[in-house]
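Engineer: Okay, predicted coordinates and the sequence, questions at the end:
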Amino acid sequence: MEKIILTGDRPTGRLHIGHYVGSLRRRVELQNSGQFDKIFIMIADAQALTDNADNPEKVRQNIIEVAMDYMAAGLDPEKSTLFIQSQVSELTELTFFYMNLVTVQRLQRNPTVKQEMQLRGYSDEGADNKAGIPVGFFCYPISQAADITAFKATVVPVGEDQEPMLEQTREIVRKFNATYGETLVEPEIMLPDNAACMRLPGTDGKAKMSKSLGNCIYLSDSAEEVWNKVKGMYTDPLHLQVSDPGHVEGNTVFTYLDAFCKPEHFEKFRDCFIGKKVSFTFNSLDEVKDQYRAGGLGDMMIKKFLNEVLNDTLEPIRQRRHELEQNIPYVYEVLRKGSEVARAAAAETLADVKRAMKINYFDPGVLDQLIQEQSQKYQG
């Protein structure tokens, strides 16, 4: 069996560093590892429309933003297939067929669906349910199962919040194969190997980095924008004086350092820990944490170091993105070609599904057999 990856993002805005550490950085590593036969990266515009149906222009304009972020971060169209979900109509057809294999009650129990409904203010009960829940949004796990199985993905690299979705996909695969015969491939989840990357908090310390909450650092942010956001980051509310012992756990600055800091950064940015009254020499993040816990290390020093670390990571991405911004036709051509490749792959799976479900009436040989069987039935 081929080793195939399928993953992607909703085009509701530019990608932020939460996307980067949660999945994008890993995708680039996997792409360049040579361990996978095919890699499909999807811009999930159809899924984005499930809760943005009244604002299609927002989704339309963000297609190019996500595509440029992808390539700027290192996704290579020569190694990975970048495509737009809505341009692969086979995915919609598969979603419809899979709907018969999932109950409403099962969808209601999906923790990710519950969380996303709460985030958007949707409710299935009570007087506050004025707008109700869009059916397309409610069926998001089924759509995702169609996306994954269409490309026979064996591995799906995502954040931990997507585990319930992957489990639902596996349930659909098992139910389909049990009902119609072995047809679909059951995928495995690949979680970030760094615990800090599981779910990077927002700059305000809230559990989730979210565009709507305004607590994101974007991959395309300038050095000045990054510094302004880092300066205002949530740290330890009990660390009022520099001399106070500080808490690392739950401290957003340290969470970001866990996700981004590399050993070489301590030599490269040693000046960050040299001040008018104190001077420190650190060789590892553990040493920084120990000093912060003991007291005497100010939040601003930590923030200056984090700022340098983040910009060291983001500067090459900014440069590549600027080059892409000067060649928009190329970006769209990459997406057009990728969508054609993706559609051809999905069409093969759809044909397998229809064959298994016995709804391939006009396939070569099938029609002749049906005519012969029915003719014998009614003429015999």
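Structural biologist: Cool, the structure landed.

Engineer: Which residue ranges of the stretch 101-250 of the chain form helices?
Structural biologist: Ranges of helices in the stretch 101-250 of the chain, per DSSP state H, counting those that start in this stretch, are 104-109, 111-120, 135-138, 140-150, 163-180, 223-231.

Engineer: Now do the third one: which elements does it pack against?
Structural biologist: Looking back up the chat, that one is helix 135-138. For helix 135-138, the elements it packs on are helix 111-120, judged by 3 or more CB pairs under 8 Å, 6 or more residues apart in numbering; DSSP states H and E. No exception for glycine: its C-beta is placed from N, CA and C like everyone else's.

Engineer: ditto for the fifth one
Structural biologist: Secondary-structure packing of helix 163-180 (3+ CB pairs under 8 Å, 6+ apart): helix 111-120, helix 140-150, helix 328-357.

Engineer: what about 10 Å?
Structural biologist: helix 90-98, helix 104-109, helix 111-120, helix 140-150, strand 155-157, strand 188-190, helix 328-357 (3 or more CB pairs under 10 Å, 6 or more residues apart in numbering; DSSP states H and E).

Engineer: and the gap between Val185 and Gln291?
Structural biologist: 50 Å (CB to CB, to the nearest Å).

Engineer: Adding mean pLDDT and distance to Arg10, write the helices of the stretch 101-250 of the chain out as CSV.
Structural biologist: Compiled in CSV, the helices of the stretch 101-250 of the chain are given as follows (pLDDT from 0 to 100; distance: least, CB to CB, whole Å):
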stretch, mean pLDDT, distance to Arg10
helix 104-109, 90, 19
helix 111-120, 78, 11
helix 135-138, 88, 12
helix 140-150, 96, 10
helix 163-180, 95, 13
helix 223-231, 96, 22
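
Engineer: for those, which one ends up most surrounded?
Structural biologist: Most buried of the helices of the stretch 101-250 of the chain by mean neighbour count (mean count of other CB atoms under 10 Å) is helix 140-150; its value is a mean of 26.

Engineer: Determine how far that one lies from the middle of the whole chain.
Structural biologist: 14 Å (CA atoms, centre = their mean, to the nearest Å).

Engineer: angle of it against helix 328-357?
Structural biologist: With axes from the mean of the first three to the mean of the last three CA atoms, to 10 degrees applied, the angle from helix 140-150 to helix 328-357 works out at 90 degrees.

Engineer: Spit out the contact partners of Met300.
Structural biologist: Residues near Met300 by CB atoms under 10 Å, 6 or more residues apart in numbering: Lys231, Thr235, Val242, Cys272, Gly275.

Engineer: Quick check: closest non-adjacent residue to the third one.
Structural biologist: Nearest-residue entry for Val242: Gly298, 4.3 Å, with adjacent residues in sequence omitted and distances by CB to CB, 6 or more residues apart in numbering.

Engineer: quick one, domains of the protein?
Structural biologist: Domains of the chain are assigned by automatic domain parsing as 4-200+328-369, 223-323.

Engineer: so how far is the longest one from its chain's centroid?
Structural biologist: Its chain's C-alpha centre and that of domain 4-200+328-369 lie 10 Å apart, by CA atoms, centre = their mean.

Engineer: Now do the lowest-mean-pLDDT helix or strand in the chain against helix 140-150, angle only.
Structural biologist: When each helix and strand of the chain is scored by mean pLDDT, DSSP states H and E, helix 111-120 comes last, with a mean of 78. Interaxial angle, helix 111-120 versus helix 140-150 (the same axes, to 10 degrees): 130 degrees.

Engineer: so helix 111-120 versus helix 163-180, what angle?
Structural biologist: Using the same axes, to 10 degrees: helix 111-120 against helix 163-180 is 130 degrees.
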